[in-house]
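K.L.:
Below are the sequence and a predicted model; questions follow.
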Amino acid sequence: MQRQSCSLDLSTMDEADPRSKLGWSLEVQLTSDSSQDLEAAKTFISGLQGNPHFAQIAGPSSHIAQAVEGVAAAIESQTPLQKALETLLSKLSTVQSLVAVVDEIAKIHPYVNAAWQIVSAMYRAIKAQHDRDQKIIELVDAMSYLHGLLSKIMPQIWECALFVQEYIADGFAKRLKHQSLSDCTQKIADMKDNLFKLRNSLDSGTIVHAAVTSSKILETVHDIYLRDHLKPAEMNVFYRKECLSGTRQEVIGSILDQLLNPDTNQRILWMHGPAGSGKSTIATTIANHFVKEHRSGAFVFFDRSRAEASRPEKVIRTMAYKLGLHDLFVQAALAQAVKNEGDIDSLQPSVQFSKLLIEPLQSAQSMHTRLGPIIIVIDALDECGTAEERKTLLQLLSEDVVGLPSNYHFFITSRPEYDIVKHFSQKSHIKEMTLDITLQSNQKDIHIFLEQSVFQIQQNRSYLPSDWPGKTTMEILLKKAAGLFIWASTAVIFVDQHDEDPRDQLEIILTSRNREETESSLDSLYETVLQTMRIWSKPHSRIAVNWHKVLGLLVVAKAPLTDVMIDEMLDLKDAQCSQLFFQQLRSLLNWSPGHTVQLVHASIADYLTDRSRCGDKPWFIDIAIHNDNMTRACLHIMQTQLHFNICNLETSYVFNKDVSDLSQRIDINISGELSYSCQFWPDHFANSMFRQDTCDLVVDFFSRYLLFWIEVMSLLKCPLSPKIDLISHLCQNDLFNSWIQDIQAFISMFHLAYTQSTPHLYISCLPFCPAKSKAVKYHASTLCTLIVQTGRKEDWSTDGLVIPNDASVESVAFSPDGKHIVSGSSAKTVRVWNASTGEPVSDPFTGHTDCVT
């Protein structure tokens, strides 16, 4: 028995860099008793190597049809070798077993499946072409082994080619090459390693792993691109709990039945119930169930303590991004949609819904391998902004959702707030479900939860008797819960505090005032927990005042803060530090040292901010007062930490996006509390009670730190205009108003310069400011920059914003929200502009047959 090997070398050149070569080879092991047969086979394969048709496979942008035709032509052109291959026919494996192996591989990933379709189509095409010539058919069958090898390596080749194509593409590729490629370095190394392994091994398990790994490269490319352009809200599921085993079985069973077997036209299952009834825990359980079943589309949830992440305008973009994570066809269609549309933020909500959800999902539907229902879970919709802010979102969910492919179903939870009820009730495609806390099954579930939780407490403390706390006590706890899981959960955490005797803790709850009504039951529990903090006995003491500020901060914060950040913002030290406060209030908080802290449930904030429920208790939180406290805290942090060129950027010749380590510089030089303060002080100021001394602090901040603030906002990619708009009408003060006007003019004139390259804030923007600008008056003398000798304007132009256009403008109009300008021109195009900056927000809309008037 003799053995020889030969290989096919396939490689592709990076068009942007001819020195870069991504290559792979296909090695074929040949075994035969006859050296003549071996030489004939080697001659055949060598002929393929030099055949121009076969070279088409290597190109990264080759069409599938060209690849198939190229290979077919390459094989067909080797007619002189037919006789030798007839001899080899009896030595080769049958095609059926190879097809079975590749079919199994194809199930792993849609890209592998697509590649196998190429190879199988090639085989069928050649066979059909020569069906009148039995000899040729036998020759093609003899090549089945080679086809099998190609079908196994083709997924890797195709994935690598797609990656290279993305890499060298215009626009995104440049950003990827300079910024994000470092994030993919290890994955690219894995891809090259997989190619090497494919050359040396045909073990099916290894090939499956390699195919999946290489497909992840493309996923990474799309993920980076979509995350950068969609800016989805961060959804941290770490603290979200599932239903305890054995509980909520009836409710969950009903939900699953509705979602998996809906009526013909029902697309949304809307479950509503009172605060603390367990809606979020059920939603988390349902979402995790469908993740395990590979039926998850997206899980989006809201929390008033994470106000910025719960903004209604982020919902569509977040939902789209998460849908792409679960389905690569959707991800690819979404990436193309984002590329086509450009500035997603500028699109109206209805257009976003269509371009980011309806069209990509419909586009991917024809290629879909995920048959059956795909579930999108939206939890706590009532905590998504205010009723006015979520009005458009509710309209889209209640009306436009029917435009999605029919296998996409929604599970939405909320309190029965009036605005949600108005949009969701009596809609044929919305199934309404009430979470009734008075049902016997709900009482039974809470009883099971309490029993299991108390058993765990007893097991962890050997000094507790085995029958603790007793049947009667359990019945009292069940009654106090009043059908609310949040009451039971909070009570258990309170009893289970490690540094306290659970018997004493339980006695505190048992002896508290008994209120059977749902809201009153929660109020009683929260009052009991707060009362155990002895600081309230002296509400005017320094520690009580400081910790009251901490509690208020947790209620009004726009994004989660860590205990370290809170201490910095409120200037708390040693015995006054927030950690000591959190340790005493663990039953109401999600927190661990060094991490973000949040209230465990929105009902706690409801209680703390409602004077009719808190009465004259010292822990009552006046939202306006605590927003004023936060405004002052943010101003203090910025005045302490802001300074010139905070990230030590060396040159103005480089765009921000081309600074390879900019994200690392931001992490090192811009602290968490500074980042929060810069982004959210205007929000707190806008929601505070008006105080002239706070307004004076803001004016002082503008006069000393304005440019440094703009610098950080530019680096964080946080739009400045909306923040200034928030506070523009707060103070009836001439000096304050003149600062606002000056800042608005500065943004309008120089927005493009400093957002693309932050150093130009000082090198270009400040020198060319009008001489009477407040920015020049207060900042030019303290900063060493260029001096404009002639031609400098004295004051801001009164002509307004000048927007250049490539043709005469025949018509113009403002968008309903005043944020965009639409113009029609003699060039038969329509263009949309940012009303504040004059930037075009998309390419011109074409298709008109005459000038647009």
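P.N.:
Looks like it came in fine.

K.L.:
residue contacts, the residue nearest in space to the middle of the chain?
P.N.:
Nearest to the mean C-alpha position of the chain, counting by C-alpha atoms, centre = their mean, stands Pro232 at 3.5 Å. Counting by C-beta atoms under 8 Å, 6 or more residues apart in numbering, Pro232 touches Lys314, Arg317, Thr318, Ala320, Tyr321, Lys322. For every residue, glycine as well, the C-beta is placed using N, CA and C.

K.L.:
will you turn those residues into a markdown table that also has secondary structure?
P.N.:
Below are the contacts of Pro232 laid out as a markdown table (DSSP: H, G, I helix; E, B strand; the rest coil):
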| residue | secondary structure |
| --- | --- |
| Lys314 | helix |
| Arg317 | helix |
| Thr318 | helix |
| Ala320 | helix |
| Tyr321 | helix |
| Lys322 | helix |
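
K.L.:
where exactly do the strands run in this protein?
P.N.:
2-14, 17-32, 268-272, 296-301, 374-379, 408-414, 430-434, 561-562, 589-590, 596-599, 809-814, 820-825, 830-834 (DSSP state E).

K.L.:
if we can go back for a sec, mind checking how far the residue nearest to the centre of the chain is from Ser428?
P.N.:
Note on Pro232: its distance to Ser428, by C-beta to C-beta, to the nearest Å, is 31 Å.

K.L.:
Counting neighbours, what do you get for Gly273?
P.N.:
Using other C-beta atoms under 10 Å, the number of residues around Gly273 comes to 21.

K.L.:
er, Lys231 I mean
P.N.:
Lys231: 14 surrounding residues under other C-beta under 10 Å.

K.L.:
likewise Trp468?
P.N.:
Other residues within reach of Trp468, judged by other C-beta under 10 Å, total 16.

K.L.:
Go ahead and confirm it touches Gln458.
P.N.:
Yes: Trp468 lies in contact with Gln458 (C-beta atoms under 8 Å); the separation is 5.4 Å.

K.L.:
which non-adjacent residue is nearest Thr318?
P.N.:
Excluding its sequence neighbours, the residue lying closest to Thr318 (C-beta to C-beta, 6 or more residues apart in numbering) is Pro232, at 4.1 Å.

K.L.:
For Ser363, see how far away the one you found is.
P.N.:
Distance of Pro232 to Ser363, given as C-beta to C-beta: 20 Å.

K.L.:
can you pull the buried residues of stretch 625-645?
P.N.:
Buried residues in stretch 625-645, counted by 16 or more other C-beta atoms under 10 Å: 626-638, 641-642.

K.L.:
neighbouring contacts of it?
P.N.:
Applying C-beta under 8 Å, 6+ apart, the contact partners of stretch 625-645 are 549, 552-553, 555-557, 568-571, 671, 673-674, 676-678, 680-681, 684-685, 687-689, 691, 694, 697-698, 701, 704-705, 708-709, 711-712, 759, 762, 783.

K.L.:
Just give the number of residues close to the residue nearest to Ala559 when sequence neighbours are not counted.
P.N.:
Take Ala559 and drop its neighbours on the chain: the residue closest to it by C-beta to C-beta, 6+ apart is Glu308, 4.7 Å away. Neighbour count of Glu308, defined by other C-beta under 10 Å: 16.

K.L.:
same question, Val421
P.N.:
Using other C-beta under 10 Å, Val421 has 15 neighbouring residues.

K.L.:
Please tell me how far it sits from Ser414.
P.N.:
Counting by C-beta to C-beta, the separation of Val421 from Ser414 is 9 Å.

K.L.:
Identify the contacts common to these two.
P.N.:
The contact lists of Val421 and Ser414 share His272, where a contact means C-beta under 8 Å, 6+ apart.

K.L.:
these two touch, right, Lys431 and Gln266?
P.N.:
Yes: shown here, Lys431 and Gln266 form a contact pair, counting by C-beta under 8 Å, at 4.8 Å.

K.L.:
More neighbours: which of these two?
P.N.:
The residue with more neighbours, out of Lys431 and Gln266, is Lys431; 19 against 16, by other C-beta under 10 Å.

K.L.:
Can you redo the contacts of Pro232 as TSV, where the extra columns are neighbour count and distance to Gln664?
P.N.:
Putting these into TSV (neighbours: other C-beta atoms under 10 Å; distance: C-beta to C-beta, whole Å) gives the following:
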residue	neighbour count	distance to Gln664
Lys314	22	26
Arg317	22	26
Thr318	19	26
Ala320	26	29
Tyr321	24	24
Lys322	20	27
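
K.L.:
where does the stretch 101-250 of the chain dip in pLDDT?
P.N.:
Where the stretch 101-250 of the chain drops to pLDDT under 70, the residues are 101-221.

K.L.:
Determine the number of other residues adjacent to the closest residue in space to Glu417 that isn't next to it in sequence.
P.N.:
Distance criterion C-beta to C-beta, 6+ apart; nearest residue to Glu417, sequence neighbours excluded, is Asp382 at 4.7 Å. Here the count is done by other C-beta under 10 Å, and Asp382 has 20 residues near it.

K.L.:
Touching, Asp382 and Ile412? I think so.
P.N.:
No: the criterion here is C-beta under 8 Å, and Asp382 misses it with Ile412 at 10.3 Å.

K.L.:
in the stretch 201-350 of the chain, which spans are helices?
P.N.:
Ranges of helices within the stretch 201-350 of the chain are 204-230, 249-260, 279-292, 315-326, 328-341, 349-352, based on DSSP state H, counting those that start in this stretch.

K.L.:
As a markdown table, the ones you listed with distance to Ile378 would be great.
P.N.:
Below are the helices of the stretch 201-350 of the chain laid out as a markdown table (distance: least, C-beta to C-beta, whole Å):
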| stretch | distance to Ile378 |
| --- | --- |
| helix 204-230 | 17 |
| helix 249-260 | 13 |
| helix 279-292 | 8 |
| helix 315-326 | 8 |
| helix 328-341 | 18 |
| helix 349-352 | 15 |
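
K.L.:
Lys828 is nearest to which of those?
P.N.:
Across the helices of the stretch 201-350 of the chain, Lys828 has its closest neighbour in helix 328-341 (20.1 Å, C-beta to C-beta).

K.L.:
For that closest one, buried residues please.
P.N.:
Per 16+ other C-beta under 10 Å, helix 328-341 contains these buried residues: Leu328, Phe329, Val330, Gln331, Ala332, Ala333, Leu334, Ala335, Ala337, Val338, Glu341.
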